[in-house]
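Peer 1: coordinates only, sequence not included:
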């Protein structure tokens, strides 16, 4: 899951690009996640199988709560938030 989020935040969208992300950033990921150097990273098909089983709604809700706590919208922006919430569902 963490690899998926990191990949998406850096512009790697899709299963094969997520695999590319782990290849490009292998050393940094090993250090940051304190993994052993011989760690095997998931293939694109593993990303696909895992991501298809995840319910992203709780993650979306947590992210939205976190984002609103950091940057509370101005009253004139309320309509934009309501529109985004409507479109997201």
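Peer 2: Received the coordinates, thanks. Worth saying up front: this structure is predicted, and the values here are computed from it rather than measured. Numbering: from 1, shown residues only.
Peer 1: and the strands in the protein, which stretches?
Peer 2: Taking DSSP state E, the chain contains no strands at all.
Peer 1: longest helix anywhere in it?
Peer 2: In the chain, taking DSSP state H as the definition, the longest helix is helix 57-70.
Peer 1: what is the end-to-end distance of stretch 47-60?
Peer 2: 19 Å (Cα to Cα, to the nearest Å).
Peer 1: ignore what I typed, I meant stretch 30-40.
Peer 2: Note: stretch 30-40 ends 10 Å apart using Cα to Cα.
Peer 1: what comes up buried for it?
Peer 2: Using 16 or more other Cβ atoms under 10 Å as the burial criterion, none of the residues of stretch 30-40 qualify. (C-beta placed from N, C-alpha, C; glycine too.)
Peer 1: below-threshold pLDDT in this protein: ranges please.
Peer 2: For the chain, the stretches with pLDDT under 70 are 1-10, 12, 72-83, 86-89.
Peer 1: again, 90 this time
Peer 2: Along the chain, the parts satisfying pLDDT under 90 run over 1-18, 20-22, 25, 33, 47, 50-52, 54-89.
Peer 1: quick one: the helices in the protein, in order.
Peer 2: 2-9, 15-24, 26-32, 44-51, 57-70, 78-88.
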